[in-house]
Structure formats: structure tokens, C-alpha cells
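**Q** Dropping the sequence and predicted coords here.
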Amino acid sequence: MLRGVNVFSTCWNSSRHKEGGPMCDEIRELGFEYIEASHGLPLSMLPGLITAVEEKRIKVMGVHNFCPAPIDVSGDAPDAYRFTSHRPEIRERAMRLSLETLQAAARLEARYVVLHMGEVELFQGHEATSAMQRMVRHGYVGTPEYIRLKGQYVRRRIKLAPLYLARAKEALYQLADKAKEYGLVLGVEGRSHFEQMPGELEFPDLMAEFAENPHVRYWHDFGHIQRKHNLLLLNHDQYLAHLCPYLYGAHVNDVQWPQRDHRAPFMGGDVDFDTLLPKYFTQAMPMTWELSKSVTKEQILRAKERWDALHATLPAE
């Protein structure tokens, strides 16, 4: 088992490059030996990425669904096709693209694939999340008005969620068989929006169903879950405690209050890495930096120095 190894997502710089090789070289210069090939990576960049791997300039630890990006979708759209859609053809398209991602992961000798499972279609878009974030930004967090609004959304989600959870489970069962064939772990990601599936109420049920399957595990995203913590939808520490038995790895990023995530850690954000890392994580777990392209190299290097010192204190396994 690898120890003390950090991973860096190509979401930070893939849009600045036309070829996969220079993209990998830029990440390697930051001191990261491993990458996660992220969603949004165009098919045209895969040959250069494969060459960089073959030449041992970089190693691929993981791949984020969908990768390569769907050619029929403009821009970076990992949720363009959902396993939870009411339309069978959309669910089928999501499955085909996911199977292509698993094939790409196997070709790149990756160890895991991060999955978005879909969402509960509560309102148009992410109306519930947007409404709660708006109230929080205006200082209403914890007020009776905010609690009433949140309660309305939670009750409606509980009523609607079983159908979407069932669809997510069905997709996961199919993908788990292929993941076993390829020797991959499927990391079901904790999401940032209230509407997304699975949420904090469904995750324990979903993970318990796959508890005996080593190819399905929980993938934590510090920024996503902190955003929900900031909306009083969960407690970050308690949430991790519930899912710790299924924890495989994490996306590392911080949050500027209340919802600006994918920031470099230790730069004034809300995530309490000093408490959460030693409590729930080990050096053997892949810890993948997933940062916005607006984060500078200087910020990354400063954050990495402190991160490496903290990471070195974690248990080996």
C-alpha cells in the first residue's frame, strides 16, 4: 500500500492546455507524482496523457467520471447525464459513458473512479440550495425563518428520495461488476448540493448495502461537505464519523464562506483539516487535491508545505 502520496486533479489546468503531456508536466512541477484524470478532460488530450504515463513522467491514481468528457456536451459537464433521470435513454447514456470511463481508468492503470450518482429532482435546477445559500449570505443562518425553509425542503426530499436512491443503487450494481473485472474501486462522492444523490440521509443506507463489496466505497469531498455544514444540513465531523467504515479517499479543497469551494487548504477557509484528517484519515488513503483553475501556483505551494507536514503525522494505515 502506498503511503504519504498525494494526488492532484487535472481539473486545475486541463483547460489551459491542448495536449495531455504538458498538462501532466505542470502538475509534476508542483511536486505531485500522481494525478486524477478529471471530468472535462477532452478525448484529444488522452494520447498525450498516456504517453506521459508510459514515459513515467506522471502516474495516474484515479479517474473522475465522465472521462474523457462526452463529445456531445459543450464544456465541463459531469452531471449532463444522470443515473437518476426519469428518462431511460439518459440513464442508459450515463451508463455507457461510465463504462467508457472505467475502460480509460484501466488503460491508465488507475486504482479508483469517482462517481456522481445523480440527484432528487425537487425543483428547477438547484433552487433549494440556491435559496438556502442566499439566506445564509444575508445572515439568516440559524434563524426561525431559515429553519422553517430548510425543514420544508428536507421533508419534501425525504418523500421523494427513495425512487432516486433505487435508481442510483441499480446503476452502482452494474458498474461494480465491471469495476471488479478491472480491479478498480468506485468512489461514490459526497456532493455539495442539497438536491444531489446520495445525500447525508441516504449515504449510510447505500454504503451498508455494498459493505461487503470492496469495489464500492465512500469518496469524501471536504469542500462539498463543508458547504452543507455551512447550511446546517449536517455536521462535518459527525458525518465523517458515520461513513468512516466505508471511507476510501477524498478530494482536498477548502471553502470560503459559505459556498465558494475548490480553494487551496489553509488559506482562510472553513474546513478544519487539523481536526478531521488525524481523526478519520490515514496515509494509505488517496488524498486528491481538486482545485479551481483560479487558484495560483504560489497558493498551492504554500498550502502543500503545511499539508505535507500534517499528512506525515497521520497513521500509516
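**A** Okay, I see it.

**Q** Can you pull the phi and psi angles for the residue lying closest to Ile158 once chain neighbours are set aside?
**A** Nearest residue to Ile158, sequence neighbours excluded (CB to CB, 6 or more residues apart in numbering): Leu201, at 6.9 Å. No exception for glycine: its C-beta is placed from N, CA and C like everyone else's. Leu201 adopts backbone torsions of phi -80, psi -30, taken as degrees, to the nearest 10.

**Q** List of residues touching the helix or strand encompassing Gly249?
**A** In this assignment (DSSP states H and E), Gly249 forms part of strand 247-252. Residues outside strand 247-252 that contact it (CB atoms under 8 Å, 6 or more residues apart in numbering): 6, 9, 62, 112, 114, 185, 187, 189, 217-224, 240, 265, 280-281, 285-290, 307.

**Q** Okay, buried residues for the helix or strand hosting Tyr239 please.
**A** Using DSSP H and E, Tyr239 sits in helix 236-243. Residues of helix 236-243 classed as buried: His236, Tyr239, Leu240, Leu243 (neighbour count, 16 or more other CB atoms under 10 Å).

**Q** Same check on stretch 16-29?
**A** In stretch 16-29, counting by 16+ other CB under 10 Å, buried: His17, Gly20, Gly21, Met23, Cys24, Glu26, Ile27, Arg28.

**Q** Buried residues in the helix ranked longest in the chain, which are they?
**A** Across the chain, the longest stretch assigned as helix under DSSP state H is helix 144-182. Going by neighbour count (16+ other CB under 10 Å), the buried part of helix 144-182 is 146, 149-150, 153, 157, 161, 164-165, 167-169, 171-172, 175-176, 178-179.

**Q** do stretch 128-138 as well
**A** The neighbour-count criterion (16+ other CB under 10 Å) identifies Ala128, Thr129, Ala131, Met132, Gln133, Met135, Val136 as the buried residues of stretch 128-138.

**Q** so who does the residue most central in space within the chain touch?
**A** The centre of the chain sits closest to Glu189, judged by CA atoms, centre = their mean, with a distance of 4.7 Å. Contact analysis of Glu189 by CB under 8 Å, 6+ apart lists Val114, Leu115, His116, Trp219, Asp221, His224, His251.

**Q** Val7 bridge partners, please.
**A** Per DSSP bridges, the residues bridged to Val7 are Tyr34, Thr288.

**Q** Show me where the stretch 201-317 of the chain dips below the pLDDT cut-off.
**A** For the stretch 201-317 of the chain, no stretch is flagged by pLDDT under 70.

**Q** can you give me the strands in it?
**A** With DSSP state E, counting those that start in this stretch, the ranges of strands along the stretch 201-317 of the chain come out as 216-221, 247-252, 254-256, 260-263, 287-289.

**Q** Give me the number of neighbouring residues for His262.
**A** Neighbour count of His262, defined by other CB atoms under 10 Å: 24.

**Q** And Pro214, by the same measure?
**A** Neighbours around Pro214, by other CB under 10 Å: 12.

**Q** Not counting sequence-adjacent ones, nearest residue to it?
**A** Using CB to CB, 6+ apart, the nearest residue to Pro214 is Val185, at 7.3 Å.

**Q** could you list every residue that touches that neighbour?
**A** So Val185 contacts Arg111, Tyr112, Val113, Ala179, Pro214, His215, Val216, Arg217, Tyr248 (CB under 8 Å, 6+ apart).

**Q** which residues does it form a beta bridge with?
**A** Beta-bridge pairing for Val185 (DSSP bridges): Tyr112.

**Q** can you start the count at 48 instead of 1 from here on
**A** Okay, residue one is now 48; in that scheme the one you just asked about reads as Val232.
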